[in-house]
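**Student:** Curious how this folds, go ahead:
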Amino acid sequence: MTELSVVNLAEKFGAFTGHWSPKVVGELNGQDVRLAKISGEFVWHAHEDADELFMVIRGTLRMGLHGGDKLVQEGELLIVPRGVEHKPIAETREVWMLLFEPSGTLNTGTAGGERTVAVLEKL
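**Tutor:** Numbering: from 1, shown residues only. Predicted coordinates:
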């Protein structure tokens with residue numbers, strides 16, 4: 001039988017300080033459960049083959065979208081469908097997010113560049 005583990009989000013968020021570098025805290029059905037801290041603006045990007053779920057644990061996320069930005073408050077989530085170009089923004093303070101996306105999905109999607117994290121750390 002597989003051992004079941006409880007994940008303490010506060011403990012996991014306390015284990016890292018860097019921004020824009022998602023950490024894997026679980027896996028299910030080919031999906032990663034990732035945690036990320038963000039500050040400032042990311043890059044415009046899309047994920048051609050993957051939907052992406054953003055749940056805000058702390059702070060307020062502004063999701064840049066070409067049809068109009070969406071604000072995501074603590075305790076809320078937003079699902080960005082595959083192929084939709086978006087840009088996460090933490091305007092006033094650091095934002096803590098939980099993300100669901102297929103394992104192997106690059107954080108910068110189609111944009112690539114210096115903020116790409118090719119190998120994600122597991123906490």
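**Student:** residues in contact with residue 55?
**Tutor:** When contacts are counted by Cβ atoms under 8 Å, 6 or more residues apart in numbering, residue 55 touches 76-77, 97-99. All C-beta atoms are positioned from the backbone trio N, CA, C, and that covers glycine.
**Student:** Which one of these is nearest to residue 24?
**Tutor:** residue 99 (9.9 Å; Cβ to Cβ).
**Student:** picking that back up, highest neighbour count among the contacts of residue 55?
**Tutor:** Per-residue neighbour counts (other Cβ atoms under 10 Å) across those peak at residue 97, which has 24 neighbours.
**Student:** Wait, a helix at that residue?
**Tutor:** No. Assigned with DSSP: H, G, I helix; E, B strand; the rest coil, residue 97 falls outside any helix and is strand.
**Student:** quick one: it and residue 4, what's the gap?
**Tutor:** For residue 97, the distance to residue 4 equals 24 Å [Cβ to Cβ, to the nearest Å].
**Student:** now residue 68
**Tutor:** From residue 68 to residue 4 the distance is 41 Å (Cβ to Cβ).
**Student:** Ok, residue 14 next?
**Tutor:** 22 Å.
**Student:** In terms of neighbours, single out the busier of the two.
**Tutor:** Legend: neighbour count by other Cβ under 10 Å for residue 14 and residue 4, higher for residue 14 (9 against 5).
**Student:** Tell me the backbone dihedrals of the more buried one, please.
**Tutor:** Here is the backbone geometry of residue 14 (degrees, to the nearest 10): phi -70, psi -10.
**Student:** where's the lowest-mean-pLDDT helix or strand in the chain relative to the chain centroid, distance-wise?
**Tutor:** When the helices and strands of the chain are scored by mean pLDDT, DSSP states H and E, strand 121-122 comes last with a mean of 88. On the basis of Cα atoms, centre = their mean, to the nearest Å, strand 121-122 sits 14 Å off its chain's mean C-alpha point.
**Student:** Show me the helices in this protein, by range?
**Tutor:** Here the chain has its helices, by DSSP state H, at 9-13.
**Student:** OK, contacts around the spatially most central residue of the chain?
**Tutor:** Centroid check for the chain by Cα atoms, centre = their mean gives residue 99 as the closest residue, at 4.2 Å. By Cβ under 8 Å, 6+ apart, the contact list for residue 99 reads 22, 32-36, 52-55.
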